[in-house]
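In: make a model of this:
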Amino acid sequence: MDIQVAKRLQHTEEYYFSKKLREIDELNKAGHKIINLGIGSPDLPPHPDVIKVLSEQAALPNTHGYQSYKGAPALRQAMADWYQRYYHVTLNPNTEILPLIGSKEGIVHICMTYLQDGDQVLVPNPGYPAYTSAVRISGATIVPYELKEDTHWLPDLEEIEKSDLSAVKMMWINYPHMPTGALGNTTFFERIIAFGRKHNILICHDNPYSFILNDQPQSLLSVEGALDVAIELNSLSKSSNMAGWRIGMLIANETRINEILRFKSNMDSGMFLPLQLAAATALKVDTSWYTQLNEEYRKRREKVFEIMDLLGCTYSKDQVGLFVWAKIPTHFKDSYEICDKVLYDSHVFITPGGIFGSAGERYIRISLCAPPSVFEEAIDRIKNTLS
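Out: Modelled structure (predicted):
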(Lines give C-alpha, C1' and ligand atoms only; values in the text may rest on other atoms or scores of the structure.)
Protein backbone atom coordinates (compact mmCIF):
# COMPACT_ATOMS: atom_id res chain seq x y z
CA MET A 1 0.00 0.00 0.00
CA ASP A 2 1.61 3.25 -1.17
CA ILE A 3 0.41 6.29 0.77
CA GLN A 4 2.40 9.44 -0.01
CA VAL A 5 3.05 12.10 2.58
CA ALA A 6 1.26 15.39 2.03
CA LYS A 7 2.84 17.98 -0.24
CA ARG A 8 3.44 20.22 2.78
CA LEU A 9 5.92 17.67 4.18
CA GLN A 10 7.77 16.73 1.00
CA HIS A 11 10.43 19.38 1.53
CA THR A 12 10.44 19.19 5.32
CA GLU A 13 13.15 16.89 6.64
CA GLU A 14 13.25 15.21 10.01
CA TYR A 15 14.77 17.54 12.61
CA TYR A 16 18.60 17.20 12.62
CA PHE A 17 18.80 16.41 16.33
CA SER A 18 16.14 13.72 15.99
CA LYS A 19 18.30 11.89 13.44
CA LYS A 20 21.63 12.53 15.15
CA LEU A 21 20.41 11.32 18.54
CA ARG A 22 19.56 7.97 16.98
CA GLU A 23 23.13 7.72 15.69
CA ILE A 24 24.46 8.65 19.14
CA ASP A 25 22.24 5.97 20.67
CA GLU A 26 23.85 3.37 18.40
CA LEU A 27 27.33 4.61 19.34
CA ASN A 28 26.42 4.33 23.01
CA LYS A 29 25.15 0.78 22.49
CA ALA A 30 28.57 0.00 21.02
CA GLY A 31 30.12 1.19 24.29
CA HIS A 32 31.43 4.62 23.28
CA LYS A 33 29.70 6.67 26.02
CA ILE A 34 29.15 9.79 23.95
CA ILE A 35 29.23 13.14 25.79
CA ASN A 36 26.34 15.16 24.41
CA LEU A 37 27.14 18.89 24.28
CA GLY A 38 24.84 19.56 21.37
CA ILE A 39 21.40 20.30 22.77
CA GLY A 40 20.20 23.15 24.98
CA SER A 41 18.19 21.08 27.43
CA PRO A 42 18.86 22.45 30.95
CA ASP A 43 20.26 19.75 33.25
CA LEU A 44 19.51 21.70 36.45
CA PRO A 45 16.16 21.37 38.27
CA PRO A 46 13.51 24.08 38.61
CA HIS A 47 13.18 26.05 41.83
CA PRO A 48 12.13 23.75 44.74
CA ASP A 49 8.94 25.76 45.28
CA VAL A 50 7.90 24.97 41.71
CA ILE A 51 8.21 21.23 42.23
CA LYS A 52 6.41 21.51 45.56
CA VAL A 53 3.40 23.25 43.99
CA LEU A 54 3.24 20.68 41.19
CA SER A 55 3.28 17.82 43.69
CA GLU A 56 0.68 19.38 45.99
CA GLN A 57 -1.69 20.32 43.20
CA ALA A 58 -1.37 16.98 41.42
CA ALA A 59 -2.36 15.21 44.65
CA LEU A 60 -5.71 17.03 44.76
CA PRO A 61 -8.76 15.25 43.35
CA ASN A 62 -10.13 18.24 41.42
CA THR A 63 -7.15 19.32 39.28
CA HIS A 64 -7.22 16.65 36.57
CA GLY A 65 -9.97 17.79 34.24
CA TYR A 66 -9.86 19.68 30.97
CA GLN A 67 -8.70 23.25 31.26
CA SER A 68 -9.48 26.49 29.47
CA TYR A 69 -7.93 26.88 26.03
CA LYS A 70 -6.73 30.33 27.13
CA GLY A 71 -4.94 29.03 30.24
CA ALA A 72 -5.64 29.45 33.95
CA PRO A 73 -6.19 33.06 35.08
CA ALA A 74 -3.50 32.63 37.76
CA LEU A 75 -0.93 31.72 35.10
CA ARG A 76 -1.86 34.57 32.77
CA GLN A 77 -1.66 37.02 35.67
CA ALA A 78 1.75 35.67 36.68
CA MET A 79 2.95 36.07 33.08
CA ALA A 80 1.71 39.66 32.98
CA ASP A 81 3.40 40.44 36.30
CA TRP A 82 6.64 38.87 35.06
CA TYR A 83 6.61 41.01 31.94
CA GLN A 84 6.02 44.12 34.02
CA ARG A 85 8.69 43.25 36.56
CA TYR A 86 11.53 42.37 34.21
CA TYR A 87 10.68 43.86 30.82
CA HIS A 88 8.68 46.92 31.98
CA VAL A 89 5.89 45.94 29.61
CA THR A 90 2.28 46.34 30.73
CA LEU A 91 -0.06 43.60 29.47
CA ASN A 92 -3.72 42.75 29.95
CA PRO A 93 -3.66 39.16 31.27
CA ASN A 94 -7.19 38.52 30.01
CA THR A 95 -6.71 39.59 26.40
CA GLU A 96 -3.01 39.84 25.46
CA ILE A 97 -1.47 36.60 26.77
CA LEU A 98 -1.96 33.06 25.48
CA PRO A 99 -0.18 30.25 27.41
CA LEU A 100 1.36 27.62 25.15
CA ILE A 101 2.43 24.00 25.46
CA GLY A 102 5.99 25.17 24.87
CA SER A 103 6.81 28.17 22.69
CA LYS A 104 7.84 25.92 19.77
CA GLU A 105 4.18 25.11 19.15
CA GLY A 106 3.54 28.85 19.02
CA ILE A 107 5.82 29.13 15.98
CA VAL A 108 3.60 26.65 14.12
CA HIS A 109 0.37 28.24 15.42
CA ILE A 110 1.41 31.68 14.17
CA CYS A 111 2.45 30.38 10.75
CA MET A 112 -0.68 28.28 10.30
CA THR A 113 -2.92 31.15 11.38
CA TYR A 114 -1.55 33.78 9.01
CA LEU A 115 0.32 32.11 6.13
CA GLN A 116 -0.72 30.35 2.94
CA ASP A 117 0.42 29.76 -0.64
CA GLY A 118 1.72 32.97 -2.18
CA ASP A 119 2.85 34.56 1.07
CA GLN A 120 6.53 35.20 1.74
CA VAL A 121 8.31 35.17 5.09
CA LEU A 122 11.66 36.67 6.06
CA VAL A 123 13.63 34.02 8.00
CA PRO A 124 17.10 34.52 9.56
CA ASN A 125 20.16 32.69 8.20
CA PRO A 126 21.59 31.42 10.51
CA GLY A 127 18.50 30.85 12.59
CA TYR A 128 16.43 28.35 14.53
CA PRO A 129 15.39 25.61 12.05
CA ALA A 130 11.82 25.53 13.41
CA TYR A 131 11.06 28.86 11.68
CA THR A 132 11.91 27.39 8.30
CA SER A 133 9.97 24.17 8.97
CA ALA A 134 6.84 25.96 10.17
CA VAL A 135 6.81 28.32 7.18
CA ARG A 136 7.18 25.40 4.76
CA ILE A 137 4.37 23.46 6.42
CA SER A 138 2.09 26.50 6.09
CA GLY A 139 2.63 26.58 2.33
CA ALA A 140 4.30 30.00 2.33
CA THR A 141 7.67 30.77 0.75
CA ILE A 142 10.85 31.33 2.75
CA VAL A 143 12.90 34.44 1.98
CA PRO A 144 16.15 34.04 3.94
CA TYR A 145 17.96 37.13 5.15
CA GLU A 146 21.63 36.68 5.98
CA LEU A 147 23.09 37.65 9.35
CA LYS A 148 26.82 38.41 9.50
CA GLU A 149 29.37 38.42 12.28
CA ASP A 150 30.75 41.83 11.27
CA THR A 151 27.33 43.44 11.83
CA HIS A 152 26.90 41.67 15.20
CA TRP A 153 24.39 39.21 13.72
CA LEU A 154 21.70 41.90 13.33
CA PRO A 155 19.69 42.10 10.10
CA ASP A 156 20.67 44.73 7.56
CA LEU A 157 17.26 46.33 7.11
CA GLU A 158 18.47 48.70 4.40
CA GLU A 159 19.72 45.73 2.37
CA ILE A 160 16.45 43.86 2.91
CA GLU A 161 14.49 46.90 1.71
CA LYS A 162 16.24 46.72 -1.66
CA SER A 163 14.18 43.60 -2.38
CA ASP A 164 10.54 43.46 -3.42
CA LEU A 165 8.68 43.11 -0.11
CA SER A 166 5.16 43.30 -1.53
CA ALA A 167 4.42 39.61 -0.86
CA VAL A 168 6.22 39.47 2.52
CA LYS A 169 3.68 38.99 5.27
CA MET A 170 5.86 38.02 8.24
CA MET A 171 9.43 38.28 9.57
CA TRP A 172 10.99 36.05 12.21
CA ILE A 173 13.59 37.52 14.57
CA ASN A 174 15.15 36.11 17.74
CA TYR A 175 17.20 38.18 20.23
CA PRO A 176 19.16 37.16 22.18
CA HIS A 177 19.89 35.28 18.99
CA MET A 178 20.11 31.54 18.71
CA PRO A 179 22.56 30.14 17.63
CA THR A 180 25.01 33.08 17.71
CA GLY A 181 24.27 34.45 21.20
CA ALA A 182 24.09 38.01 19.84
CA LEU A 183 22.08 40.58 21.80
CA GLY A 184 19.52 42.93 20.36
CA ASN A 185 19.27 46.47 21.67
CA THR A 186 16.67 49.21 22.03
CA THR A 187 17.74 51.01 18.87
CA PHE A 188 17.42 47.84 16.80
CA PHE A 189 14.04 46.98 18.34
CA GLU A 190 12.75 50.46 17.51
CA ARG A 191 14.01 50.11 13.92
CA ILE A 192 12.46 46.67 13.41
CA ILE A 193 9.06 47.87 14.65
CA ALA A 194 9.26 50.86 12.29
CA PHE A 195 10.25 48.47 9.47
CA GLY A 196 7.25 46.22 10.15
CA ARG A 197 4.86 49.17 10.27
CA LYS A 198 6.28 50.69 7.06
CA HIS A 199 5.98 47.49 5.03
CA ASN A 200 2.89 45.98 6.70
CA ILE A 201 4.95 42.99 7.88
CA LEU A 202 4.08 41.10 11.06
CA ILE A 203 7.23 40.94 13.21
CA CYS A 204 7.45 37.69 15.20
CA HIS A 205 10.03 37.78 17.99
CA ASP A 206 11.09 34.53 19.66
CA ASN A 207 12.53 35.46 23.08
CA PRO A 208 13.37 32.40 25.22
CA TYR A 209 17.00 33.27 26.04
CA SER A 210 16.72 36.78 27.49
CA PHE A 211 17.64 35.82 31.08
CA ILE A 212 20.59 33.50 30.37
CA LEU A 213 23.97 35.21 31.00
CA ASN A 214 22.24 38.52 30.41
CA ASP A 215 21.80 41.05 33.20
CA GLN A 216 19.34 43.23 31.29
CA PRO A 217 16.51 41.14 29.78
CA GLN A 218 14.68 42.94 26.98
CA SER A 219 11.38 42.48 25.22
CA LEU A 220 10.59 43.76 21.74
CA LEU A 221 7.25 44.83 23.20
CA SER A 222 8.95 47.50 25.30
CA VAL A 223 8.96 49.63 22.13
CA GLU A 224 5.98 51.98 22.03
CA GLY A 225 3.27 50.69 19.71
CA ALA A 226 4.96 47.30 19.25
CA LEU A 227 1.76 45.33 19.91
CA ASP A 228 0.28 46.88 16.76
CA VAL A 229 3.04 45.31 14.66
CA ALA A 230 4.53 42.39 16.59
CA ILE A 231 3.98 39.09 18.36
CA GLU A 232 6.42 37.83 20.98
CA LEU A 233 6.98 34.25 22.11
CA ASN A 234 8.56 33.46 25.45
CA SER A 235 9.25 30.36 27.48
CA LEU A 236 10.10 28.90 30.88
CA SER A 237 12.23 26.18 29.30
CA LYS A 238 15.57 27.95 29.66
CA SER A 239 15.16 30.61 32.34
CA SER A 240 13.31 28.32 34.78
CA ASN A 241 14.92 24.95 33.88
CA MET A 242 11.55 23.62 32.76
CA ALA A 243 12.22 22.48 29.19
CA GLY A 244 10.37 19.17 29.55
CA TRP A 245 7.40 20.83 31.23
CA ARG A 246 6.48 22.51 27.90
CA ILE A 247 5.33 25.88 29.16
CA GLY A 248 5.51 28.93 26.96
CA MET A 249 3.55 32.05 26.17
CA LEU A 250 2.44 34.09 23.21
CA ILE A 251 2.04 37.84 23.67
CA ALA A 252 -0.01 39.82 21.15
CA ASN A 253 -2.88 42.26 20.93
CA GLU A 254 -6.38 40.97 21.59
CA THR A 255 -7.33 40.57 17.94
CA ARG A 256 -4.30 38.40 17.17
CA ILE A 257 -4.74 36.32 20.33
CA ASN A 258 -8.27 35.48 19.21
CA GLU A 259 -7.15 34.72 15.65
CA ILE A 260 -4.40 32.36 16.79
CA LEU A 261 -6.76 30.73 19.28
CA ARG A 262 -9.00 29.78 16.35
CA PHE A 263 -6.19 27.53 15.14
CA LYS A 264 -4.73 26.44 18.48
CA SER A 265 -8.08 25.41 19.98
CA ASN A 266 -8.49 22.89 17.17
CA MET A 267 -5.05 21.39 17.86
CA ASP A 268 -4.99 20.85 21.65
CA SER A 269 -6.69 21.49 24.95
CA GLY A 270 -5.44 23.46 27.94
CA MET A 271 -2.40 22.40 29.96
CA PHE A 272 -2.64 20.22 33.07
CA LEU A 273 -3.70 22.63 35.83
CA PRO A 274 -0.94 21.68 38.33
CA LEU A 275 1.63 22.46 35.62
CA GLN A 276 0.08 25.87 35.12
CA LEU A 277 0.04 26.67 38.83
CA ALA A 278 3.63 25.49 39.21
CA ALA A 279 4.61 27.68 36.26
CA ALA A 280 2.94 30.65 37.93
CA THR A 281 5.14 29.97 40.96
CA ALA A 282 8.26 29.85 38.76
CA LEU A 283 7.43 33.30 37.42
CA LYS A 284 7.27 34.71 40.94
CA VAL A 285 10.61 33.49 42.30
CA ASP A 286 13.09 36.03 43.63
CA THR A 287 15.57 37.66 41.25
CA SER A 288 18.36 35.79 43.04
CA TRP A 289 17.21 32.67 41.15
CA TYR A 290 18.46 34.13 37.85
CA THR A 291 21.65 35.41 39.49
CA GLN A 292 22.55 31.98 40.87
CA LEU A 293 21.68 30.27 37.61
CA ASN A 294 23.92 32.60 35.64
CA GLU A 295 26.80 32.14 38.07
CA GLU A 296 26.70 28.45 37.23
CA TYR A 297 26.48 29.08 33.49
CA ARG A 298 29.45 31.46 33.63
CA LYS A 299 31.60 28.69 35.13
CA ARG A 300 30.49 26.31 32.42
CA ARG A 301 31.05 28.83 29.67
CA GLU A 302 34.72 29.14 30.69
CA LYS A 303 35.05 25.37 30.17
CA VAL A 304 33.44 25.64 26.75
CA PHE A 305 35.86 28.41 25.85
CA GLU A 306 38.65 25.92 26.68
CA ILE A 307 37.15 23.39 24.26
CA MET A 308 36.87 26.02 21.54
CA ASP A 309 40.51 26.99 22.11
CA LEU A 310 41.59 23.36 21.81
CA LEU A 311 39.74 23.10 18.50
CA GLY A 312 41.36 26.28 17.21
CA CYS A 313 38.07 28.17 16.98
CA THR A 314 37.53 31.91 17.42
CA TYR A 315 34.59 33.40 19.29
CA SER A 316 33.16 36.44 21.05
CA LYS A 317 33.14 36.44 24.85
CA ASP A 318 30.20 38.86 24.82
CA GLN A 319 27.65 36.34 23.59
CA VAL A 320 24.77 35.29 25.85
CA GLY A 321 22.30 32.40 26.05
CA LEU A 322 22.74 28.69 26.59
CA PHE A 323 25.44 28.10 23.97
CA VAL A 324 28.83 29.22 22.73
CA TRP A 325 29.06 29.95 19.01
CA ALA A 326 32.48 29.89 17.37
CA LYS A 327 34.13 30.11 13.96
CA ILE A 328 36.03 27.01 12.87
CA PRO A 329 39.62 26.86 11.55
CA THR A 330 40.04 27.29 7.81
CA HIS A 331 41.47 23.81 7.22
CA PHE A 332 38.11 22.17 7.90
CA LYS A 333 35.81 21.92 4.88
CA ASP A 334 32.75 22.89 6.90
CA SER A 335 31.10 22.60 10.32
CA TYR A 336 29.96 19.03 9.69
CA GLU A 337 33.52 17.83 9.14
CA ILE A 338 34.84 19.19 12.45
CA CYS A 339 31.77 17.99 14.38
CA ASP A 340 32.01 14.48 12.97
CA LYS A 341 35.74 14.39 13.74
CA VAL A 342 35.07 15.35 17.37
CA LEU A 343 32.22 12.84 17.59
CA TYR A 344 34.05 9.86 16.10
CA ASP A 345 37.55 10.59 17.48
CA SER A 346 36.74 12.07 20.92
CA HIS A 347 33.19 10.75 21.38
CA VAL A 348 31.89 14.26 22.09
CA PHE A 349 28.81 15.52 20.24
CA ILE A 350 28.77 19.21 19.30
CA THR A 351 26.48 20.98 16.87
CA PRO A 352 27.43 22.00 13.31
CA GLY A 353 26.44 25.55 12.54
CA GLY A 354 25.36 24.48 9.08
CA ILE A 355 22.07 23.13 10.44
CA PHE A 356 21.07 26.73 11.15
CA GLY A 357 21.54 27.82 7.53
CA SER A 358 24.28 28.37 4.97
CA ALA A 359 25.59 31.39 6.92
CA GLY A 360 26.44 29.01 9.76
CA GLU A 361 28.56 26.58 7.78
CA ARG A 362 31.86 27.94 9.14
CA TYR A 363 30.70 27.81 12.77
CA ILE A 364 29.99 25.32 15.54
CA ARG A 365 27.85 25.53 18.67
CA ILE A 366 28.39 23.96 22.10
CA SER A 367 25.70 23.81 24.78
CA LEU A 368 26.24 24.87 28.39
CA CYS A 369 23.78 22.23 29.61
CA ALA A 370 26.15 19.82 31.35
CA PRO A 371 27.92 19.79 34.74
CA PRO A 372 31.49 21.13 34.91
CA SER A 373 32.79 17.58 35.45
CA VAL A 374 31.37 16.58 32.07
CA PHE A 375 33.10 19.49 30.38
CA GLU A 376 36.35 18.46 32.07
CA GLU A 377 35.94 14.95 30.68
CA ALA A 378 35.23 16.37 27.21
CA ILE A 379 38.35 18.55 27.44
CA ASP A 380 40.46 15.52 28.41
CA ARG A 381 39.09 13.41 25.55
CA ILE A 382 39.70 16.11 22.97
CA LYS A 383 43.22 16.74 24.29
CA ASN A 384 44.03 13.04 24.07
CA THR A 385 42.75 12.67 20.52
CA LEU A 386 44.46 15.84 19.31
CA SER A 387 47.88 14.79 20.61
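In: end to end, how far does stretch 87-101 reach?
Out: Using C-alpha to C-alpha, to the nearest Å, the end-to-end distance of stretch 87-101 comes out at 22 Å.
In: so that it lines up with my notes, have the first residue be 141 from now on.
Out: That works, and once the first residue is 141, the last one we named lands at stretch 227-241.
In: which parts of that stretch are buried?
Out: 227, 229, 231, 233, 236, 237, 238, 239, 240, 241 (16 or more other C-beta atoms under 10 Å). C-beta: built from backbone N, CA, C; applies to glycine.
In: shouldn't residue 273 be within a strand?
Out: No: checked against DSSP: H, G, I helix; E, B strand; the rest coil, residue 273 lies outside a strand; its state is helix.
In: identify the residues contacting the strand or helix carrying residue 396?
Out: Here residue 396, judged by DSSP states H and E, is contained in helix 394-404. If you take C-beta atoms under 8 Å, 6 or more residues apart in numbering as the criterion, helix 394-404 is touched by 209-210, 232, 235-238, 240, 245, 249-250, 252-254, 371, 390, 392.
In: quick check on residue 433: phi, psi?
Out: phi -60, psi -40 (degrees, to the nearest 10).
In: got it, and residue 504?
Out: phi -130, psi 160.
In: low-confidence stretches in the chain?
Out: 150-155, 527 (pLDDT under 70).
In: quick one, domains of it?
Out: Domain ranges of the chain: 147-185+428-526, 203-422, per automatic domain parsing.
In: so the nearest residue to residue 194 once chain neighbours are set aside is in which element?
Out: Spatial nearest neighbour of residue 194, chain neighbours left out: residue 418 (4.0 Å); criterion: C-beta to C-beta, 6 or more residues apart in numbering. Secondary structure from DSSP H and E places residue 418 in helix 413-422.
In: list the helices and strands that helix packs on?
Out: Where contact means 3 or more C-beta pairs under 8 Å, 6 or more residues apart in numbering; DSSP states H and E, helix 413-422 is packed against helix 188-198, helix 213-222.
In: tell me what angle the last one forms with helix 413-422.
Out: With axes from the mean of the first three to the mean of the last three C-alpha atoms, to 10 degrees applied, the angle from helix 213-222 to helix 413-422 works out at 20 degrees.
In: would you map the strands across the stretch 241-390 of the chain?
Out: 260-265, 281-286, 308-313, 342-346, 370-375, 388-391 (DSSP state E, counting those that start in this stretch).
In: adjacent strands (with direction) for the last one?
Out: Right, strand 388-391. Its sheet considered, strand 388-391 pairs with strand 237-240 (antiparallel), strand 370-375 (antiparallel) by DSSP bridges.
In: export these as CSV, with columns for distance to residue 214.
Out: CSV is the format used below for the strands paired with strand 388-391 (distance: least, C-beta to C-beta, whole Å):
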stretch, distance to residue 214
strand 237-240, 11
strand 370-375, 17
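In: chain center to the helix holding residue 418, what's the gap?
Out: Centre-to-centre, helix 413-422 and its host chain are 21 Å apart (C-alpha atoms, centre = their mean, to the nearest Å).
In: now residue 207, what's its secondary structure?
Out: Applying three-state DSSP: residue 207 is coil.
In: surely it meets residue 414?
Out: No: when contacts are counted by C-beta atoms under 8 Å, residue 207 is not listed as touching residue 414 (10.3 Å).
In: for the residue nearest to residue 222 when sequence neighbours are not counted, give me its contacts.
Out: Distances taken as C-beta to C-beta, 6+ apart put residue 423 closest to residue 222, at 4.3 Å, once the chain neighbours are dropped. By C-beta under 8 Å, 6+ apart, residue 423 lies in contact with 218, 219, 221, 222, 376, 380.
In: filter those down to the buried ones, PyMOL style.
Out: This is the PyMOL syntax for the buried subset of the contacts of residue 423, where burial follows 16+ other C-beta under 10 Å:
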select buried, resi 218+219+222+376+380
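In: can I get the contacts of residue 423 in a markdown table with distance to residue 161?
Out: Below are the contacts of residue 423 laid out as a markdown table (distance: C-beta to C-beta, whole Å):
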| residue | distance to residue 161 |
| --- | --- |
| 218 | 33 |
| 219 | 32 |
| 221 | 37 |
| 222 | 32 |
| 376 | 23 |
| 380 | 24 |
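In: distance of residue 256 from residue 278?
Out: 7 Å (C-beta to C-beta, to the nearest Å).
In: comparing the two, which residue is more hemmed in?
Out: Counted by other C-beta atoms under 10 Å, residue 256 and residue 278 do not tie: residue 278 has more neighbours, with 21 against 11.
In: contacts only, for the more buried one.
Out: Per C-beta under 8 Å, 6+ apart, neighbours of residue 278: 148, 251, 252, 255, 256, 259.
In: quick one: the last one from residue 283, how far?
Out: The gap separating residue 259 from residue 283 is 10 Å, by C-beta to C-beta.
In: joint contacts of residue 256 and residue 278?
Out: Residues touching both residue 256 and residue 278 (C-beta under 8 Å, 6+ apart): none.
In: coming back round to it: among the contacts of residue 278, which two are most distant?
Out: 148 and 259 (13.8 Å; C-beta to C-beta).
In: more crowded one of these two?
Out: Neighbours of residue 148 and residue 259, each counted by other C-beta under 10 Å, are more numerous for residue 259; the result is 17 against 11.
In: surely that one meets residue 280?
Out: Yes: Residue 259 is within contact range of residue 280, at 4.1 Å (criterion: C-beta under 8 Å).
In: touching both of those two, which residues are there?
Out: In contact with both residue 259 and residue 280: 309, 310, using C-beta under 8 Å, 6+ apart.
In: count of neighbours near residue 165?
Out: Counted by other C-beta under 10 Å, the residues lying close to residue 165 total 11.
In: for residue 193, give me its contacts.
Out: By C-beta under 8 Å, 6+ apart, the neighbours of residue 193 are 414, 417, 418, 421.
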